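A.B. asks: this one's structure only:
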């Protein structure tokens, strides 16, 4: 894939309405997940599914040029190697969002200072889901 494709598909570059649909999919709303999948945002549908422990979605991200989203998924829970991978590969926004998704107050404050409330909500919903898990599911190594 060319470099421009990745520039367009960075999480912080999506329109707010798309991010809100993604947030609803993260929360488990099947209608929003299907909307993302069928309206040109399969990577966000896959990421929302990956966050909800769908192994096939993680593999789809890995195989379709969205390794950074798979790393974000792992980093947002507890995978420090994935978090370091994001930083090493200059996905600083995803690293900050992953930290916020872990409940890091400084990362949440960073998002709030930049008036990125939609991402604060996404981080909260990722944390809520992760905290509700009884066991850790397999994550790809970073």
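C.D. replies: That came through, no problem. Owing to the predicted nature of the structure, the values given are computational and were not obtained by experimental measurement.
A.B. asks: How confident is the prediction for residue 141, by pLDDT?
C.D. replies: Note for residue 141: predicted pLDDT of 51.
A.B. asks: What average pLDDT does the lengthiest helix in the chain get?
C.D. replies: Among the segments of the chain that qualify as a helix by DSSP state H, the longest is helix 117-131. For helix 117-131, the mean per-residue pLDDT is 96.
A.B. asks: Low-confidence stretches in this structure?
C.D. replies: Along the chain, segments meeting pLDDT under 70 span 1-8, 134-142.
A.B. asks: So residue 102 is in contact with residue 77, correct?
C.D. replies: Yes - in this structure, residue 102 is within contact of residue 77 by CB atoms under 8 Å, at 7.3 Å. (Each C-beta comes from the backbone N, C-alpha and C, glycine too.)
A.B. asks: thinking again about what came up before, which secondary structure elements does the longest helix of the chain contact?
C.D. replies: helix 16-26, helix 92-101, helix 105-113 (3 or more CB pairs under 8 Å, 6 or more residues apart in numbering; DSSP states H and E).
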